[in-house]
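>>> Okay, sequence plus prediction incoming.
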Amino acid sequence: MDKKCKKLGNRATKADRADAHRIKMGMKQALREHYGREALDNKEWIYANLSRNHEHFGDTPSENEARKFAEKTS
């Protein structure tokens with residue numbers, strides 16, 4: 001990943017474009033591997049609808065829906 005990925009001019013050859021594409025895809029693959037490994041190391045689930053400061057943080061989606069349904073019916 002020592003090469004930089006920059007835009008090519010209008011006079012770039014097909015080989016130059018192919019080389020730039022190969023470099024760009026290599027950079028993307030390296031990022032995917034880095035951030036994918038980070039996500040696998042973090043086993044804690046945070047659901048999008050409940051933040052850490054939320055009153056019912058840690059509920060599963062089914063528990064959250066059941067609680068909301070119970071509040072609606074009462």
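Yep, it's here. Just so it is clear, the structure is predicted and the values come from calculations on it, not from any experiment.
>>> now residue 11, what's its secondary structure?
What DSSP: H, G, I helix; E, B strand; the rest coil gives for residue 11 is coil.
>>> What distance do you get for it to residue 23?
The spacing between residue 11 and residue 23, counted by Cβ to Cβ, to the nearest Å, is 19 Å. Yep, even glycine has a C-beta here, placed from its N, CA and C like the rest.
>>> now swap in residue 60 and tell me
43 Å.
>>> Show me which of these two is the more surrounded one.
Legend: neighbour count by other Cβ atoms under 10 Å for residue 60 and residue 23, higher for residue 23 (16 against 11).
>>> So the more buried one: helix, strand or coil?
Under three-state DSSP, residue 23 falls in the helix class.
>>> Please parse the chain into its domains.
The record's domain parsing of the chain by automatic domain parsing lists 1-43, 44-74.
>>> can you put those domains in a markdown table and add mean pLDDT?
What follows is these, written out as a markdown table (pLDDT from 0 to 100):
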| stretch | mean pLDDT |
| --- | --- |
| domain 1-43 | 80 |
| domain 44-74 | 76 |
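>>> could you point out which element follows the one helix or strand residue 33 maps to?
Secondary structure from DSSP states H and E places residue 33 in helix 14-41. Per DSSP H and E, the first helix or strand lying C-terminal to helix 14-41 is helix 61-73.
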